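1. give me coordinates for this.
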Amino acid sequence: MQIKGCLEWTKTASGRRRGRYRLWLPDHVRLVEDDAVYLFVVYDPTLPKPIQKTRFIRARDLERVVGRVTWMDATHSTKRGNPTNIVHTRVFPDEEVAWCRFL
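-> I've put the predicted structure just below:
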């Protein structure tokens, strides 16, 4: 299992945006081979109950659940491989639609 967390909203130079999960292709391949799962978490540390949403997704089902995943050609200071960023609304689409409907 791999746990991935992100803020519901994050600050950017131009304002704010929805939080994103960063996944790495070598880890994803290993999780698929091991028939393992991701645990996705959306949190807000300023709230009394900081964990807002959780969802398990089998690594092999990731693209079926979130749609097409594009792995980038990039490196990271501590990790080599191909990363991808997935906005949390792709992992929790029903909750986001319901939330927007009541605004």
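
2. thought Lys4 was touching Tyr38?
-> Yes: the criterion here is Cβ atoms under 8 Å, and Lys4 meets it with Tyr38 at 5.8 Å. Using the backbone N, CA and C atoms, a C-beta is placed for each residue, glycine as well.

3. common neighbours of the two, please.
-> Common neighbours of Lys4 and Tyr38, counting by Cβ atoms under 8 Å, 6 or more residues apart in numbering, are Leu23.

4. where are the low-confidence patches of this protein?
-> Judged by pLDDT under 70, the chain has its weakly predicted residues at 74-80, 95-103.

5. which residue ranges of it form strands?
-> For the chain, the strands defined by DSSP state E occupy 2-7, 9-12, 15-18, 20-24, 37-43, 51-58, 74-75, 80-81, 83-87.

6. ok, the fifth one: who's next to it in the sheet?
-> Going back to what we said before, that points to strand 37-43. strand 2-7 (parallel), strand 51-58 (antiparallel) (DSSP bridges).

7. which one's more surrounded, Lys4 and Tyr38?
-> Tyr38 (24 against 17; other Cβ atoms under 10 Å).

8. so what's the more buried one bridging to?
-> Tyr38 forms beta bridges with Gln2, Ile57, as assigned by DSSP bridges.

9. list the contacts of it.
-> The contact partners of Tyr38, by Cβ under 8 Å, 6+ apart, come to 1-4, 23, 31, 56-59, 62.

10. find the centremost residue of the protein, please.
-> Tyr21 (3.2 Å; Cα atoms, centre = their mean).
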